[in-house]
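> kindly generate the corresponding structure for this input.
(4 chains)
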2 protein chains.
Amino acid sequence: MQKGEVIRKKIIDTADALFYQQGFAHTSFTDISDALGMSKGNFYYYFKTKDDILNAVIKKRSEAIRLDLEQWDKLESEPRKRLKKYVAMLTASQDVIAKYGCPVGSICSELSKLHHENLNNASEMFEVYRQWLEEQFRQLGYKKEARILSLRLLSRGQGIALITSTYNDKVFFQHEIAEIMAWIENL
Amino acid sequence: MQKGEVIRKKIIDTADALFYQQGFAHTSFTDISDALGMSKGNFYYYFKTKDDILNAVIKKRSEAIRLDLEQWDKLESEPRKRLKKYVAMLTASQDVIAKYGCPVGSICSELSKLHHENLNNASEMFEVYRQWLEEQFRQLGYKKEARILSLRLLSRGQGIALITSTYNDKVFFQHEIAEIMAWIENL
DNA sequence: TTGTAAATAGGACATACGTCCAACTATCCT
DNA sequence: AGGATAGTTGGACGTATGTCCTATTTACAA
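Residues are numbered from 1 along each chain as shown, chains lettered A, B, ... in the order given. So this is what the prediction gives:
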């Protein structure tokens, strides 16, 4: 019903934040229901297993990414500016990245160890960004190289996020972001 | 005594492999003692807490890295060739990286969420590499930039490892390694 | 106002975990 | 050989986890 859907979304949002901040393995059913002020039994009414809630979180994130990209497509028509918008998004998230790393990368890193089924779903989040990036590179004239360039930009962001959160060094973060911006400018 | 030290090292090696393949959180005392064919009680005789064994693993890895770097210093005298040796090491590990990611990066990513105390120890593994890389860049004539360049090389390796293990795509891996090699060549 | 479905509550359950211990055996020194 | 030390065992312990169930309350339709 109506109310159920609202609660469902609230649960997903809370689980999303906890998975990001504590990691999937370190977040328990009780953690989530406690954070919601909700009984475990009621939580179970909405999500039967931990994988269910993880999949819901991943699905929600993928959709959110898709919506962001649609917005960017509307706001910017030039592919170069769109690429810069992607990098600017990273900059805007620098504080949380320094604390918890990249929300996509850290969960993929966790799931890539043994939890193969959901890794495929999680890597979908990368794919949404990647295909969009690839399209921008293609429009910049890079036909055969577009795919590898999209992976490279993704990859650099991941490396920067990991080093930044490990060293807790935002100076490095900003330095690298500037370098990438310059790289895009000269493409 | 003698025997104890041998067993101790065997335990550390086994825990090392399991932490790498399954992650720290997903590896239990029982997992390790089972893999060793040893009773939990005996394991406890050597390591009292999970943090103890983690620290021992990190310490062992750091030492191993230091020894590798010493070897490279002896084998190669030119800084450019030394940098290439670092990248060649990544190439040699591409199969395990595709499966489990970077051993250093994946544990730092895991520990950076909430487990602050041991993260400092874990990031020491990065530091060993980083300081050595910085020295090579410095010898190449990059004085002020040496630090940032060392972080960049570290960072790119991390991004590549994560994307490679997520997508299980060794073609991308090799492409990026080649690109980095060319970058080093033209420094 | 009922009857039906949705939503909530609290706790049962089996299992797994990290930690710890008391007792036993092997090893070594004198 | 005897005694001290090192090494080993299996299981106890309290707690936490994921899953599940039954009972109760709320909300809406007839």
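> can you read off the pLDDT for whatever residue of chain A ends up closest to chain B?
Proximity to chain B, evaluated over chain A using Cβ to the nearest Cβ, is greatest for A:Gly159 at 3.0 Å. For the C-beta atoms, the positions are set from N, CA and C on the backbone; glycine is no exception. pLDDT recorded at A:Gly159 is 98.
> so what's it up against?
B:154-160, B:162 (Cβ atoms under 8 Å, 6 or more residues apart in numbering or on different chains).
> next, format these as TSV and append secondary structure.
Formatted as TSV, those follow (DSSP: H, G, I helix; E, B strand; the rest coil):
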residue	secondary structure
B:Leu154	helix
B:Ser155	helix
B:Arg156	helix
B:Gly157	helix
B:Gln158	helix
B:Gly159	helix
B:Ile160	helix
B:Leu162	helix
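> got a PyMOL select line for the buried ones in these?
With 16 or more other Cβ atoms under 10 Å in any protein chain shown as the criterion, this PyMOL line picks the buried residues out of the contacts of A:Gly159:
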select buried, chain B and resi 154+155+156+157+158+159+160+162
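> is there contact, residue-wise, from the strand or helix carrying A:Glu135 to chain B?
Using DSSP states H and E, A:Glu135 sits in helix A:116-139. Yes - Helix A:116-139 lies within reach of chain B by Cβ under 8 Å from any Cβ of the partner chain, at A:119, A:122-123, A:126.
> which one of the contacts of A:Gly159 is nearest A:Gly105?
Using Cβ to Cβ, B:Leu162 comes nearest to A:Gly105 of the contacts of A:Gly159, at 5.7 Å.
> chain center to the helix holding A:Glu135, what's the gap?
Centroid displacement of helix A:116-139 relative to its chain, using Cα atoms, centre = their mean, to the nearest Å, is 10 Å.
> that one: which residues count as buried?
Result for helix A:116-139 [16+ other Cβ under 10 Å]: buried residues A:118-119, A:121-123, A:125-130, A:132-138.
> for the residues of helix A:116-139 next to chain B, which one is nearest A:Trp72?
If you rank the residues of helix A:116-139 next to chain B by distance to A:Trp72 using Cβ to Cβ, A:Phe126 comes first, at 17.0 Å.
> how close does the closest one get to B:Phe172?
Separation of A:Phe126 from B:Phe172 (Cβ to Cβ, to the nearest Å) stands at 12 Å.
> now that A:Leu83 has come up, it's in contact with A:Leu153, right?
Yes - using Cβ atoms under 8 Å, A:Leu83 makes contact with A:Leu153 at a distance of 7.4 Å.
> quickly list what's touching both of those two.
Shared contacts of A:Leu83 and A:Leu153, defined by Cβ under 8 Å, 6+ apart, are found at A:Leu133.
> what about chain A, any weak spots by pLDDT?
A:1 (pLDDT under 70).
> tell me the domain ranges of it?
Domains of chain A are assigned by automatic domain parsing as A:1-48, A:59-185.
> can I get those in JSON lines with distance to B:Asp73?
As requested, the domains of chain A are arranged in JSON lines below (distance: least, Cβ to Cβ, whole Å):
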{"stretch": "domain A:1-48", "distance to B:Asp73": "37"}
{"stretch": "domain A:59-185", "distance to B:Asp73": "24"}
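> closest one to DNA strand C among the ones you listed?
domain A:1-48 (1.6 Å; Cβ to the nearest atom of the strand).
> does DNA strand C sit close to that closest one?
Yes - counting by Cβ under 7 Å from any atom of the strand, DNA strand C has neighbours in domain A:1-48: A:1-5, A:7, A:38-42, A:44-45.
> tell me which two of those residues sit farthest apart.
Largest separation among the residues of domain A:1-48 next to DNA strand C by Cβ to Cβ: A:Gln2 and A:Lys40, giving 23.6 Å.
> how near is A:Trp183 to A:Ile97?
According to Cβ to Cβ, A:Trp183 and A:Ile97 sit 19 Å apart.
> these two: which is more packed in?
A:Ile97 (23 against 14; other Cβ atoms under 10 Å in any protein chain shown).
> and the more buried one, which of the three is it?
Look at A:Ile97: counting by three-state DSSP, its state is helix.
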